[in-house]
Every structure is written in structure tokens, then in C-alpha cells.
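Peer 1: Mind folding the following:
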Amino acid sequence: MDWGVPATAMTVRMRAMNLPGKKLRERIDLYERLMRLDKPIGILLLLWPTLWALWLSARGRPNWLVVWIFVLGTVLMRSAGCVINDLADRNFDPHVARTRERPLAAGRVSANEAILLFLALVAAAFALVLPLFSWLLAGLCVAALFLAASYPFSKRFLAVPQAYLGVAFGFGIPMAYAVELGRVPLEAWWLLLANVFWAIAYDTEYALVDRADDLKIGIRSSAITFGRADVAAVMLCYALALGLIAALGYRLGLGELFYCGLTIAAAIAAYHYTLIRERDPQRCFTAFRHNNWLGASVFAGIALDFLVTSGING
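Peer 2: Residues are numbered from 1 along each chain as shown. Coordinates of the predicted model:
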């Protein structure tokens, strides 16, 4: 140790030595926030319908390598979706209380950095599915990328962009069927439609948080379009989503455990009514986040029903 150097000078020197590492950590933290890795609810809302499809298409016995590829792909594509969303909304987010501190809105990450991060995430996602390659899957991957990249702009012209989000968030469904069956049967599209209604329900709850700000800046959302019928529309969409899933389960001959899972999901949806009926932003946001348990309940019913049935038949 150089005892001849004044303490203040040594402190400056040590800080300078640590500066590159500190800056790197700061950049990584900003990129994680840009990808919303600190807020995994979006990953879960994208993951649950994908898992529904994997278990239904494989009749409860999916290949575990396929499952892990889809799980990791979900994380990558949701992260890419968040990056492109913030890139598209970087001029709007500073005017919304909930989003003004996002890295792009706050000017802490540049547009060029965001574009490079988006391309890296998409490239990683495509590399991930190469072991499962088929021309059908490749076409669906391109469609999924288009949906993820174009969703942020749908808020400019669609009255209910949440429906578009439901297609984008549910596109793992036809991809799962394509991998497991080599085709996309009608049941996959019915399941995707159920996911659209579910997405309208939960993202309307989310949109209720920002309705006042969205009205000011001219962004469209279902919370604005539905007006005073917003709560009724949310509950109707929950009913349609669960009804379609129930009908699909009936067609596939699923049993009591499946319907137990749906009953729990319906009870959760009913509880959401108590949270959103006063349209309090904080309670609406709580309802939105609570949808993780609704999706998990549906999956648990599907997985347990197949598990028990295969055990009996085995």
C-alpha cells in the first residue's frame, strides 16, 4: 500500500479502478429493467397458455426438452416484446406516472441500445428452437415475431388493442401444437381464442390504472373503449375464456380435476370483481397481477387430470 498518497487521492484512485465494473453492473441493471426481468408477471401470463397447449397437445406427456425450450423461449420473447414496446412508446411513457422512470423514457438507455438488445433476444429465441425445426414452426415463429414487434403500434389505431395482445401472448399455443403434432388442429385455435378473451380481461384491469394518462396523450385501450361498461366487459371476458376452455376440456374428455382447476380459476375471476368494481387504480393493478394464479389454476387442473388418468390407465 502506498502510504505516501493522501487518503483522498487513494479514494479517488480506488473509485476509478472500480468504475468500469460499476458501470457494467449499472448497464446490466438497466437492460434487466428494460426487459422487465424485475417484473415476472408478464412472463407468467405468457407462459401459462403455452403450458396449457403443451399438455393438451401431448395429452399430458410432453417431451421435457420441448417444455424447457418453450419456457426459455417465453422468457426471451417476452423480454424482446418489452424492449420493442418501450422503444415504440418512448415519447409517450414520460407523460405517464407509472412508466416515466422506465430506462428508455428516462433517457438512461438509448434507442440504438434498445434495438441491439431486441435483435439479440430475438436471435437467441430463434437459435433456441432450432432443435425443433420444421417449416411449419418456422412460419409460426416469424408470425410470432411480427405480432410481438407490431403490438405496441396497435395502441395507435385499434379500439381494443388488448385483443391483439391476446393473440401475441397466446401464439405459443399453435407453436406448441405444431411441435407436438406436426400440425395445428382446430382445438389450438379455440384455445388461442380463449386466451384472447383472458388477455382482454386482465389487460383491461391493467389499462384501468393508466386510463386518465392514456386519455391525455391519445393512446387507445379497452378501458377507454368500454367506458362505464368496463367492469362488466372484464367479467364477460373472463366468463368467455373459461367457458371456451371448459368446452375444449369436455371435447377432450377431461375429468373432475380439470373442472376443479377451472372452478378455482372462476372463483379468482369473481374475486377480481370485488377489486375492480370501484376502479381504484391500485386495486385494479392488484387484480391484474393476481391473474398469475388464475392461469396457474387452469394449468394445474389440466396437468393433474392427465397425471391421474395416466396413472389409472397405466
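Peer 1: quick one: the closest residue to Asp38 other than its chain neighbours from Arg251, how far?
Peer 2: Using Cβ to Cβ, 6 or more residues apart in numbering and skipping the chain neighbours, the partner closest in space to Asp38 is Glu32 (6.1 Å). To be clear about C-beta, it is placed using only N, CA and C from the backbone, and glycine gets the same treatment. Taking Cβ to Cβ, to the nearest Å as the measure, Glu32 falls 42 Å from Arg251.
Peer 1: where are the low-confidence patches of the chain?
Peer 2: Counting by pLDDT under 70, the chain has low-confidence residues at 1-21, 311-314.
Peer 1: the helices in it, which residues?
Peer 2: Counting by DSSP state H, the chain has these helices, from start to end: 7-34, 41-57, 64-88, 111-128, 135-154, 161-169, 172-181, 186-217, 222-226, 230-251, 256-276, 281-313.
Peer 1: what's the closest of the ones you listed to His95?
Peer 2: Taking Cβ to Cβ, helix 186-217 is the member of those nearest to His95, at 5.1 Å.
Peer 1: quick one: Arg220 and Asn91, what's the gap?
Peer 2: In this view, Arg220 and Asn91 are 16 Å apart by Cβ to Cβ.
Peer 1: repeat for Leu44
Peer 2: 29 Å.
Peer 1: Settle it for me: which of the two has more neighbours?
Peer 2: It is Leu44, of Leu44 and Asn91, that has more neighbours when counted by other Cβ atoms under 10 Å, with 16 against 10.
Peer 1: ok, now which ones touch the more buried one?
Peer 2: 292, 295-296 (Cβ atoms under 8 Å, 6 or more residues apart in numbering).
Peer 1: ok, now with 10 Å
Peer 2: Contacts of Leu44 were listed using Cβ atoms under 10 Å, 6 or more residues apart in numbering, and they are 74, 78, 289, 291-293, 295-296.
Peer 1: just these now: which is nearest Val129?
Peer 2: For the contacts of Leu44, the nearest to Val129 is Thr74 (11.5 Å; Cβ to Cβ).
Peer 1: and the gap between the closest residue to Arg33 other than its chain neighbours and Asp213?
Peer 2: Distance criterion Cβ to Cβ, 6+ apart; nearest residue to Arg33, sequence neighbours excluded, is Pro103 at 5.5 Å. Applying Cβ to Cβ, the value for Pro103 to Asp213 is 19 Å.
Peer 1: follow-up on the earlier one: would you list the contacts of Leu44 in TSV and tack on neighbour count?
Peer 2: Converted to TSV, these look like this (neighbours: other Cβ atoms under 10 Å):
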residue	neighbour count
Thr74	23
Arg78	24
Arg289	15
Asn291	25
Asn292	18
Trp293	16
Gly295	22
Ala296	18
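Peer 1: Return the member of those residues nearest to Val209.
Peer 2: Lowest distance from Val209 to the contacts of Leu44 (Cβ to Cβ) belongs to Arg289, with 10.9 Å.
Peer 1: That closest one is in contact with Ile268, isn't it?
Peer 2: No - contact status for Arg289 versus Ile268: not in contact, 11.8 Å apart, counting by Cβ atoms under 10 Å.
Peer 1: surely Asp305 meets Trp52?
Peer 2: No - in this structure, Asp305 is not within contact of Trp52 by Cβ under 10 Å, at 12.0 Å.
Peer 1: For the closest residue to Ala148 other than its chain neighbours, list the residues it contacts.
Peer 2: Of all residues beyond its chain neighbours, the one nearest Ala148 is Gly81 (4.4 Å), with distances taken as Cβ to Cβ, 6+ apart. Neighbour list for Gly81: 35-36, 42, 46, 118, 121, 144-145, 147-149, 151-152, 165, 168-169 [criterion: Cβ under 10 Å, 6+ apart].
Peer 1: quick one: which of the residues you listed is most hemmed in?
Peer 2: Ranked by neighbours (other Cβ under 10 Å), the contacts of Gly81 are led by Phe169, which has 31 neighbours.
Peer 1: Asn291 is in contact with that residue, correct?
Peer 2: No - counting by Cβ under 10 Å, Phe169 does not reach Asn291; the two are 11.3 Å apart.
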